Every structure is written in C-alpha cells, then in structure tokens.
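J.: structure for this input, please:
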Amino acid sequence: MGGPVQAEEGVLGGIVGASEDNFKKAEPYLKFFCKEYFYFGEVGMGAKSKLLNNFLTLGNAALVNHLAIGAKELGLDLQKVYDVAKLGSGNSAALKRVFDNLLKGDFTGFKFTASNSVKDLTYIQDLLKDFPEAEKVAEVNKNYFQKAVDQGHGENFISELINKK
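T.: Numbers count the residues shown, from 1 in each chain. This next block holds a predicted model:
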C-alpha cells in the first residue's frame, strides 16, 4: 500500500496472502520496505483485502472530488468547506491529500490516475458481484472515473479531475 512518496520514505504497507510457511520466508524482506504489513491468510486473501481497501479509498476520493467541485460551483469558500469537513466524520486521508494541495492551487494531491481507478473498480465490481448494494457503489464510482477517461483525462491524477469538465 502506498505510492512513490511512501516508497521513497520507506513506509509502504504490505498486504499479504500466502501459505504460512511462505509468509514466514517473506517476512524478513517485508521489513526492509514496509512500515507495516498484514497477513490475511492463503493466496488470494491479500488481493481481496487490497481490493476492498481500494474500494474505500477510491470511494472517498470520488466523494472528496465531488465535494470540491460542488463547493466551487456553489461559490463556497474552499478553506471553510475543508475546515468544516475536517471536524466531522468526513475527515479522511483522501480529504487531506486533495485539499491540502487544492488550497495552494495544486491539483496533484491524490496521485492515482483515473485509468487506474477504472481498472481497480472493475476488479472490485467483480469481487463484490454477490453483494449488490456494494457492487452498485463500485459501479457509480467507476462511472465517474470512466467518464474522465472517455473525455481524455485517463492519465490525470484523481484530484486533477476537479478542474476537468
């Protein structure tokens, strides 16, 4: 878990699915580059956990983008919107990642592309196919990012979509 910044800082997170023996063999290496890592059981369980984590992350990111877009369109003070959001249950890493930069005029705070979001949400929809309500949430979020891709913004970071029509 993490991206280029976390990799450079040596604070990546690891999500592992493997036999117990293989996990024990891999664990000394995980300690070199992971601040924390989590063993979820047999092969495939780590991938399922990662996809569910991305489901939450991408959903939060999409909502933060909609918050910023809505606030801008309604003429609200972005700093005040952010200050209010930080006080409530909407506070999240996605909120901070986007708004800390957005308020400086930098739309690159959330460094994950629209195309990658569509890819992950496609896998997530498949994972959640037996959970119709959750699968529908994944579909709605995927449609948001797919629209950006269709408009030629697939390689834009999630937070850059705030300025795209």
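
J.: mind showing which ranges of the protein have poor pLDDT?
T.: Counting by pLDDT under 70, the chain shows no low-confidence range.

J.: show me how it divides into domains.
T.: Domain segmentation of the chain under automatic domain parsing yields 1-43, 47-163.

J.: just want the most central residue of the protein.
T.: With distances taken as Cα atoms, centre = their mean, the residue of the chain nearest its centroid is T57 (3.3 Å).

J.: burial check on the nearest residue to that one once chain neighbours are set aside, number of neighbours?
T.: Leaving out its chain neighbours, the residue that sits closest to T57 by Cβ to Cβ, 6 or more residues apart in numbering is A94, at 6.6 Å. For the C-beta atoms, the positions are set from N, CA and C on the backbone; glycine is no exception. The tally of other residues near A94 (other Cβ atoms under 10 Å) stands at 23.

J.: sec struct for the residue of the chain most remote from its centre, please.
T.: Largest separation from the mean C-alpha position in the chain: D21, at 30.9 Å (Cα atoms, centre = their mean). Secondary structure of D21, reduced to three states by DSSP: H, G, I helix; E, B strand; the rest coil: helix.

J.: from E42, how far out is it?
T.: Going from D21 to E42 by Cβ to Cβ, to the nearest Å gives 12 Å.
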